[in-house]
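**Student:** Provide a 3D model corresponding to the input given below.
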Amino acid sequence: MSVTREEVAKIASLARISMDEAALDHMVPELNNILAFVEQLGEVDTSAVEPMTAVIPQEQRLRDDVVDADPLTGGGRRDDVLANAPVAEHGFFGVPKVIE
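**Tutor:** Purely as a prediction, here's the structure:
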């Protein structure tokens, strides 16, 4: 696959990039080289390679989801927090309806 000068001009227009005539002429072989490289990658046999999301194996380091019972540093203060709410409903902040 290769691109023409007109296609490069259209791509530049869609990307809102202004290019003069010399820049367009310079970009045609550049984009064709990139497309040739992508086609070359398509020829590589990857049938024995398992799909992966990253090259390096990664694991998420998650902590236990626990509520800190200390009222100075953690949870257990719902009633104190809701005392500052303009409207509290069923243990939550009450908010006006947005969608009718």
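**Student:** spatially nearest residue to G75 (excluding sequence neighbours)?
**Tutor:** V67 (3.7 Å; CB to CB, 6 or more residues apart in numbering). C-beta coordinates here come from the backbone N, C-alpha and C atoms, glycine included.
**Student:** element containing the one you found?
**Tutor:** Under the criterion of DSSP states H and E, V67 resides outside all helices and strands.
**Student:** for the protein, which residues score under the pLDDT cut-off?
**Tutor:** Regions of the chain meeting the criterion pLDDT under 70 cover residues 71-74.
**Student:** same for the top helix by length along it, what does it pack against?
**Tutor:** Counting by DSSP state H, the longest helix found in the chain is helix 21-42. On a contact count with 3 or more CB pairs under 8 Å, 6 or more residues apart in numbering; DSSP states H and E, helix 21-42 meets helix 5-14.
**Student:** show me what the helix it packs on is packed up against.
**Tutor:** Contacting helix 5-14 under the criterion 3+ CB pairs under 8 Å, 6+ apart are the following elements: helix 21-42.
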